[in-house]
Every structure is written in C-alpha cells, then in structure tokens.
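S.K.: Here is the input, now give the coordinates:
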Amino acid sequence: RVPHRFMWAGGAGGLSQYDGTRVQAMRDHPRLVLPDPEVVALVGDAEDANAFWVGMKHGGVARYNTVTQELLHEYPGLPKRVSSIASGPGGVVWVGTAGFGLYTARTPASAQTPHVFSRVSREALPVDSVRTLLVSKTIPGMVWVGGARGLSVYHADKELWRPHLAAAGDLDLLDSAAVT
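M.R.: Modelled structure (predicted):
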C-alpha cells in the first residue's frame with residue numbers, strides 16, 4: 001500500500017491497482033509497461049513511501065514511483081529470473097533469484113542515479129535459488145533467506161551469514177527442508 005489511497009497487487013497478468021472501490025488492471029497504462037507481465041514479487045520501498053519494487057518471473061526488477069509515474073527497469077548485471085524482493089532500513093534492497101543467488105543494492109544519493117546491484121558471495125549463502133526474503137523490523141541489518149535447503153540469516157553488523165538448516169529430527173515434521 002502506498003500513499004494516495006492505492007493498494008497494488010501483482011500476478012500472472014501484471015500489476016493491478018485498488019482504489020478502495022474497484023480494481024484496475026494496469027497492463028494498458030502507458031507508464032507501467034513491464035518487461036515481463038508475470039509479477040512474482042511486490043514490495044514497498046522502505047525509504048520512499050511513494051515507490052515500490054516489482055519482481056518479474058523472467059523480466060528482472062522494476063521500481064515504480066507513484067508520484068512521478070516513473071518506471072525504472074534497467075539494472076545491468078542483475079539476472080532476469082527474480083523470485084523475491086525485500087526492502088529494508090538504510091535503503092537496502094535485496095533481490096532473490098531463481099538459480100542465480102542473492103543480490104543487494106543501496107538507494108543512491110540522487111534520485112536520477114539507478115540502483116547498482118551486486119551479488120552476495122556464493123560462499124556466504126548456501127543456496128542459489130532464493131525463494132523468500134524477510135528483513136527484520138526489530139533487529140537492524142538482519143535478513144532471513146529461505147531456499148531449497150532451509151533458512152539462512154545475515155547479520156550486517158557482523159557481516160556474517162549463518163545457516164539455519166533444519167536438524168535431522170526436525171525434518172520428520174516437514175515434507176522437506178525447503179522454505180517458501
């Protein structure tokens with residue numbers, strides 16, 4: 001949900017906007033043409049209440065500003081197969097991909113400068129397919145990453161990744177160790 005009383009949703013047909021009365025599909029809106037209509041992740045920008053991030057199954061990420069109606073979707077080096085997005089304090093954006101690992105970027109000082117994403121080290125994160133992300137609201141710099149082999153957590157203050165994989169006995173309670 002962003003200011004101006006709108007709530008946004010994404011799905012196989014692209015973005016939709018709800019104004020409290022009706023839902024409007026945005027696929028024909030000239031300022032909201034996405035590189036891929038299949039939206040798999042949608043999250044508000046933690047640093048800009050008027051903006052949100054869109055993750056597409058085969059189109060990478062886009063950032064839309066609802067005031068300027070500007071859509072940015074050119075982020076060199078960032079894979080196109082996105083599975084999850086999280087936005088946290090300090091302007092940090094996390095992008096989980098399907099098979100290409102985890103990427104992160106900080107909000108640039110200038111609104112005209114695009115975000116520059118970099119890949120999190122493969123040694124640091126035990127999965128290449130990130131299924132879900134969660135930025136802690138209570139512990140600054142903590143990010144939970146769910147994937148095919150369980151959970152990992154990043155502690156930014158220590159610059160440390162720790163796996164939280166399910167113990168052998170815990171797997172009896174689950175169909176698998178995968179986190180979605």
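S.K.: My read is that residue 47 contacts residue 91, right?
M.R.: Yes - taking contacts as Cβ atoms under 8 Å, residue 47 lies within contact range of residue 91: 4.4 Å. In this view, the C-beta of every residue, glycine as well, is placed from N, C-alpha and C.
S.K.: List the contacts of the most centrally placed residue in the chain.
M.R.: Among the residues of the chain, the one closest to the centroid is residue 85, at 0.7 Å (Cα atoms, centre = their mean). Residues in contact with residue 85 (Cβ atoms under 8 Å, 6 or more residues apart in numbering) are 41, 42, 43, 53, 54, 55, 61, 93, 94, 95, 96, 133.
S.K.: Most neighbours among the residues you listed, which one is it?
M.R.: Sorting the contacts of residue 85 by how many neighbours each has (other Cβ atoms under 10 Å) puts residue 95 first, at 30 neighbours.
S.K.: what's near enough to touch the closest residue to that residue other than its chain neighbours?
M.R.: Distances taken as Cβ to Cβ, 6 or more residues apart in numbering place residue 103 nearest to residue 95, at 4.5 Å, with adjacent residues excluded. Counting by Cβ under 8 Å, 6+ apart, residue 103 touches 78, 79, 94, 95, 97, 117, 118, 119, 120.
S.K.: now these: which count as buried?
M.R.: Buried subset of the contacts of residue 103 (neighbour count, 16 or more other Cβ atoms under 10 Å): 78, 79, 94, 95, 97, 117, 119, 120.
S.K.: Relative to residue 22, which of the residues you listed is nearest.
M.R.: Residue 22 lies nearest to residue 95 out of the buried ones among the contacts of residue 103, by Cβ to Cβ, at 31.4 Å.
S.K.: so what does the helix or strand hosting the closest one touch, helix or strand wise?
M.R.: Element membership of residue 95 [criterion: DSSP states H and E] is strand 92-97. In terms of contacts (3 or more Cβ pairs under 8 Å, 6 or more residues apart in numbering; DSSP states H and E), strand 92-97 is packed against strand 82-88, strand 102-106, strand 130-135.
S.K.: Nearest to residue 71 among the ones you listed would be which one?
M.R.: strand 82-88 (15.1 Å).
S.K.: then that closest one to CSV, C-alphas only?
M.R.: The C-alpha trace of strand 82-88 is given here as CSV (Å, rounded to 0.1, in the frame of the first residue of the first chain):
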residue,chain,number,x,y,z
VAL,A,82,13.5,-13.0,-9.9
SER,A,83,11.8,-14.9,-7.1
SER,A,84,11.6,-12.5,-4.2
ILE,A,85,12.4,-8.9,-3.1
ALA,A,86,12.8,-7.2,0.3
SER,A,87,13.4,-3.6,1.1
GLY,A,88,14.9,-2.6,4.4
